[in-house]
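*Asks:* no sequence on this one, just coordinates:
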């Protein structure tokens, strides 16, 4: 059953009271619930009242929540309003895009991708991709491949591969490895390794160890073994035998030794003493 609607006047009163007690952890969730009951077409009038709140932190938070609600009914109007705000409040555009994409991803995508290159487009893309990746990480990945200006932005790929690897690390890993060399690929490999290690560290390590030598591979291996060691340092230690000598092996040994020592200092010491001279 839909929640009972709330008048703009009632919400304004509630927000004024909340602003006076904004340090209360319950205030944010209570106001969020009230805004969800407001007719989106009534948001503009509430925003005018919020502008006069003396508590700047409360004002900024409530504005973000209100423009997101406005976007439920009139995303174009909400975007136009958000773009008029001062440079310090440009995050409002991102809030609108997130809400818009949750309700109509096709229209939100069409609007964002027609923006000219620049900071506004980059910020809007981050919000859009973050929402799209929640529902369809593979689809979000395909979208980025069609946008040349986004191809090397590691922050855009981060939300995609973080979610993709949680659901299907093998496929995510395959696509991460196919990215062009650079920061985006390194970040993607590292994220896949971390997520995969949380589920199946042995499989994650086998995947990463088989990758061609690169900074991304090294980061993935280190991340995987470090996470593996927090749960099972003994088996994580056995994986080191397949690592070639070098800086990455030294770092991974240090990670395993540290995690193992926290659980069983004697066993960790015995292991490090058996390592070939120059390791550990």
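*Replies:* That came through fine. Being a predicted model, the structure only gives us computed values, none of them experimental. Residues are numbered from 1 along each chain as shown.
*Asks:* which residues of the stretch 151-280 of the chain fall in strands?
*Replies:* Counting by DSSP state E, counting those that start in this stretch, the stretch 151-280 of the chain has no strands to list.
*Asks:* so where's it shaky on pLDDT?
*Replies:* Along the stretch 151-280 of the chain, segments meeting pLDDT under 70 span 151, 242, 277-280.
*Asks:* switch to 80 and redo it
*Replies:* For the stretch 151-280 of the chain, applying pLDDT under 80 flags the ranges 151-152, 240-245, 276-280.
*Asks:* At which residues are the helices of it located?
*Replies:* Using DSSP state H, counting those that start in this stretch, the helices of the stretch 151-280 of the chain run over residues 154-167, 169-177, 183-199, 201-209, 215-231, 233-238, 247-263, 265-274.
*Asks:* out of those, which comes closest to residue 81?
*Replies:* Ranking the helices of the stretch 151-280 of the chain by proximity to residue 81 (CB to CB) places helix 154-167 first, at 25.6 Å. From N, CA and C alone the C-beta is placed, and that goes for glycine too.
*Asks:* buried ones in the closest one?
*Replies:* If you call a residue buried by 16 or more other CB atoms under 10 Å, then helix 154-167 has these buried ones: 154, 156-166.
*Asks:* so which of those residues comes closest to residue 187?
*Replies:* Closest to residue 187 out of the buried residues of helix 154-167 is residue 154 (4.2 Å), distances taken as CB to CB.
*Asks:* For the closest one, give me its contacts.
*Replies:* 183-184, 186-188 (CB atoms under 8 Å, 6 or more residues apart in numbering).
*Asks:* from those residues, which would you call buried?
*Replies:* Taking 16+ other CB under 10 Å as the criterion, what is buried in these is 184, 186-188.
*Asks:* Can you tell me which of these lies closest to residue 254?
*Replies:* residue 186 (20.6 Å).
*Asks:* Could you report the neighbour count for the residue nearest to that closest one when sequence neighbours are not counted?
*Replies:* Leaving aside its chain neighbours, residue 186 sits nearest to residue 216 (3.8 Å; criterion: CB to CB, 6 or more residues apart in numbering). Close neighbours of residue 216, defined as other CB atoms under 10 Å, add up to 26.
*Asks:* which residues touch residue 216?
*Replies:* Going by CB under 8 Å, 6+ apart, residue 216 touches 181, 185-190.
*Asks:* Now render those residues as JSON lines, adding distance to residue 241.
*Replies:* Shown next, in JSON lines, are the contacts of residue 216 (distance: CB to CB, whole Å):
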{"residue": "181", "distance to residue 241": "28"}
{"residue": "185", "distance to residue 241": "27"}
{"residue": "186", "distance to residue 241": "25"}
{"residue": "187", "distance to residue 241": "28"}
{"residue": "188", "distance to residue 241": "27"}
{"residue": "189", "distance to residue 241": "22"}
{"residue": "190", "distance to residue 241": "23"}
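*Asks:* Residue 107: which of those residues is nearest?
*Replies:* Of all these, residue 188 has the smallest distance to residue 107: 28.1 Å, by CB to CB.
*Asks:* what comes up buried for the helix or strand encompassing residue 28?
*Replies:* Following DSSP states H and E, one finds residue 28 within helix 25-36. The neighbour-count criterion (16+ other CB under 10 Å) identifies 27, 31, 34-35 as the buried residues of helix 25-36.
*Asks:* what's the closest of these to residue 46?
*Replies:* Closest to residue 46, out of all of the buried residues of helix 25-36 and judged by CB to CB, is residue 35, at 8.4 Å.
*Asks:* so who does that closest one touch?
*Replies:* By CB under 8 Å, 6+ apart, the neighbours of residue 35 are 11, 65-66, 69.
*Asks:* Same check on residue 204?
*Replies:* By CB under 8 Å, 6+ apart, the neighbours of residue 204 are 169, 193, 196-197, 224, 228.
*Asks:* Switch these over to a markdown table; also include neighbour count and distance to residue 240.
*Replies:* Converted to a markdown table, the contacts of residue 204 look like this (neighbours: other CB atoms under 10 Å; distance: CB to CB, whole Å):
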| residue | neighbour count | distance to residue 240 |
| --- | --- | --- |
| 169 | 25 | 22 |
| 193 | 31 | 16 |
| 196 | 27 | 18 |
| 197 | 27 | 15 |
| 224 | 30 | 12 |
| 228 | 24 | 11 |
